[in-house]
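K.L.:
Predicted model and sequence follow; I will ask about them next.
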Amino acid sequence: MSLERTLVILKPSAVQRGLIGEITTRFERKGLHLIGMKMMQLTDEILNEHYAHLSERPFFQRVKNSMMASPVVVCCYEGVDAIQIVRSMTGATNGRVAIPGTIRGDYSVSSQENIIHTSDSPKAALEEIARFFKPEELFEYKSCAQSFLYYQEEYQLI
Ligand code: ADP
């Protein structure tokens, strides 16, 4: 159990299909604490870093083009075990395989146009948050719902 921050990117497939509200509502309802949010246009440069693990794959350029097709919305969420929570809400990479009830399972039929990016480990989350947010773009503030989201011992983590 640990207090974590994680990065979510609402991809062009979410922005263009008018799904920003639906998806951010899911994270809000779950009880995750939004500490950063902005719209930005991704570039080849930032995507070369962000998707470096895909650089040898034949679809690398196509995936980067898809991520640059329109602005995206990047979000940073905080919560106890937030990385795993968000990852399990995301679902499998391929939207055709992702389980219904997950975001990709409910909104995607593609292995590429799969609505959101979410950090997959604590190391990735740290690197990705630093890649997409300046320190002053992240806000530390208390949620008035905190004591209704967590019991005392969990709450003390925060
Ligand atoms: P995830 O986004 O689930 O963490 P990856 O890091 O492996 O998955 O891939 C990054 C992104 O690259 C995926 O979200 C998807 O948009 C795209 N991608 C991955 N694998 C494929 C594939 N086989 N065909 C097309 N696009 C893919």
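P.N.:
Received the coordinates, thanks. Predicted model, so just to flag it, every value in this text is computed and none were measured. Residues are numbered from 1 along each chain as shown.
K.L.:
Gly95: neighbour count?
P.N.:
22 (other CB atoms under 10 Å). C-beta coordinates here come from the backbone N, C-alpha and C atoms, glycine included.
K.L.:
list the contacts for it?
P.N.:
Gly95 makes contact with Arg104, Gly105, Tyr107, Ser108, Val109, Ser110, Ser111, Glu113, Asn114, Ile115 under the criterion CB atoms under 8 Å, 6 or more residues apart in numbering.
K.L.:
quick one: which of those is nearest to the ligand?
P.N.:
Ser111 (4.1 Å; CB to the nearest ligand atom).
K.L.:
So that closest one sits against Ala98, correct?
P.N.:
No. Distance between Ser111 and Ala98: 9.8 Å, which falls outside the contact criterion (CB atoms under 8 Å).
K.L.:
ok, the two, which is more surrounded?
P.N.:
Per other CB under 10 Å, whichever of Ser111 and Ala98 has more neighbours is Ala98, with 22 against 16.
K.L.:
Doesn't that one belong to a helix?
P.N.:
No. In this structure, Ala98 is coil, not part of a helix, as judged by DSSP: H, G, I helix; E, B strand; the rest coil.
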